[in-house]
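Asks: predicted model, plus sequence, below.
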Amino acid sequence: MARGERRGRLRVNESAGVIETQGVAQNGPVAGVYYVDTGDCELVPDDDNPNGWLLKINGVQSSHIDLADPLQLSFEYMRWIAELVHQQFPQEPGARLRALHLGGGACSLARYFHSAYPDARQVVVELDGKLANYVRDWFKLPKAPLLRIRVGEAREVTETLTDDSRDLIIRDVFAGAFTPYLLTTREFTEHAARVLAPGGLYVVNSGDAPDLKNARQEAATIASVFPHAALIADPPMLKGRRYGNIIFAGSDRPIEDGAKLRRQLLGGAVPAQIWNNEQVRDFARGAKVRVDDAPAAQK
């Protein structure tokens, strides 16, 4: 498991009639395999939801979309991110949220936050231009300025952004099982911190193996830049019993980890727990902080 994982509630028809096409999809999603700039993507219908679609990119589960309900998040790690963001940025009348999504997929979280924060201004950075065009057509995404898709490489785009210009940055970029190294370093994390406004939140989706080496280094790197950090994952993952996702967050202000959030994280199909700043730093103790000029063997 790398980018996303469907466990518990979602069931998809993996044997649906699959077609291959080089054309542009019209009038919404159609099951099939589509050629994109970075390989191929596949749309698979959700057997349990007539409005649900699973997007796979180069064979890896990437996103799930409910066409009728953007607030429905079938990937548990996305639900954890949403719960964390709600605690940091209360859904009050007129609340605005300036969000940057590094990694697009089907724009599941961008659709979610558009519904949860109607006045939000969001930019999704997607490396694959053809995939971005398909997704806009299939899922009828909000138009600019509410939601813009910017085609480009996540680090290059981030480095061009103005200081203090975002409230939320979500990094959800994968090449296979892991995030590209140069999106995990202290130097990149410092760019993210620079782009965030005071009180902003940096959130990353980190994939790891049972040895948790990658997660410890991610924790060490984020904690070296941000004075406050948090971690969300399910207990088997944190005990090194499986491959899976760990969500990290960093901020210049304390990150909410109170009883309400803890109850919400326990309520899904995959119950999770949150670790506070002290626990994250204990978890990271002794791990290397990732830097751009590390020896190739460490990347």
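Replies: Now that the structure is in, tell me what you want to look at. Because the structure is a prediction, the values reported are computed rather than measured.
Asks: now do the strands in the stretch 51-200 of the chain.
Replies: Along the stretch 51-200 of the chain, the segments classed as strands by DSSP state E, counting those that start in this stretch run 52-57, 60-66, 98-102, 121-126, 147-151, 166-171, 196-208.
Asks: off-centre distance for the longest one?
Replies: Per Cα atoms, centre = their mean, to the nearest Å, the displacement of strand 196-208 from the mean C-alpha position of its chain is 10 Å.
Asks: pairing partners for it, with directions?
Replies: strand 166-171 (parallel), strand 244-251 (antiparallel) (DSSP bridges).
Asks: same deal with the second one?
Replies: Listed by DSSP bridges, the sheet partners of strand 60-66 and their directions read strand 52-57 (antiparallel).
Asks: can you check the fourth one too?
Replies: Sheet pairing for strand 121-126, assigned by DSSP bridges, gives strand 98-102 (parallel), strand 147-151 (parallel).
Asks: can you say which of those is nearest to residue 249?
Replies: strand 98-102 (13.8 Å; Cβ to Cβ). Glycine gets a C-beta too; all of them are placed from N, C-alpha and C.
Asks: now do that closest one, average pLDDT.
Replies: When pLDDT is averaged over strand 98-102, the result is 98.
Asks: for the residue sitting nearest the centre point of the chain, list the residues it contacts.
Replies: With distances taken as Cα atoms, centre = their mean, the residue of the chain nearest its centroid is residue 172 (3.6 Å). Residue 172 makes contact with 3, 101-103, 105, 109, 204-205 under the criterion Cβ atoms under 8 Å, 6 or more residues apart in numbering.
Asks: and for residue 197?
Replies: So residue 197 contacts 98, 164-167 (Cβ under 8 Å, 6+ apart).
Asks: same deal with residue 250?
Replies: 189, 193, 201-202, 222-223, 225-226, 228-229.
Asks: would you list every one of the helices in this structure?
Replies: For the chain, the helices defined by DSSP state H occupy 76-88, 108-116, 129-139, 154-160, 186-195, 213-225, 235-238, 259-266, 277-284.
Asks: between those helices, which one is closest to residue 57.
Replies: helix 129-139 (7.3 Å).
Asks: show me the contact partners of the closest one.
Replies: By Cβ under 8 Å, 6+ apart, helix 129-139 touches 24-26, 28-29, 34-38, 41, 43, 53, 55, 57, 65, 67, 104-107, 111, 124, 126, 141, 149, 151.
Asks: tell me the pLDDT of the residue nearest to residue 255 when sequence neighbours are not counted.
Replies: Nearest residue to residue 255 in three dimensions, chain neighbours excluded: residue 230, at 4.2 Å (Cβ to Cβ, 6 or more residues apart in numbering). pLDDT recorded at residue 230 is 98.
Asks: determine the number of other residues adjacent to the closest residue in space to residue 64 that isn't next to it in sequence.
Replies: In space, and not counting its chain neighbours, residue 64 is closest to residue 74: 4.1 Å by Cβ to Cβ, 6+ apart. Counted by other Cβ atoms under 10 Å, the residues lying close to residue 74 total 24.
Asks: now do residue 74 against residue 164, distance only.
Replies: The gap separating residue 74 from residue 164 is 34 Å, by Cβ to Cβ, to the nearest Å.
Asks: now residue 271
Replies: 36 Å.
Asks: got the contact list for residue 152?
Replies: Here residue 152 is in contact with 125-127 (Cβ under 8 Å, 6+ apart).
Asks: 6 Å - rerun?
Replies: By Cβ atoms under 6 Å, 6 or more residues apart in numbering, the residues touching residue 152 are residue 125.
Asks: the one 5 residues further on too?
Replies: In this structure, residue 157 makes contact with residue 125, judged by Cβ under 6 Å, 6+ apart.
Asks: per-residue pLDDT of it, please?
Replies: Residue 157 is given a pLDDT of 98.
Asks: shaky segments in this structure?
Replies: 1-27 (pLDDT under 70).
Asks: once you drop chain neighbours, what's closest to residue 210?
Replies: Using Cβ to Cβ, 6+ apart, the closest residue to residue 210 is residue 240 (4.3 Å).
Asks: tell me, how many residues neighbour the one you found?
Replies: 12.
Asks: try residue 193
Replies: 18.
Asks: again with residue 295
Replies: So residue 295, with other Cβ under 10 Å, has 6 neighbours.
Asks: angles on the backbone of it, please.
Replies: Backbone geometry at residue 295, expressed as degrees, to the nearest 10, gives phi -60, psi 150.
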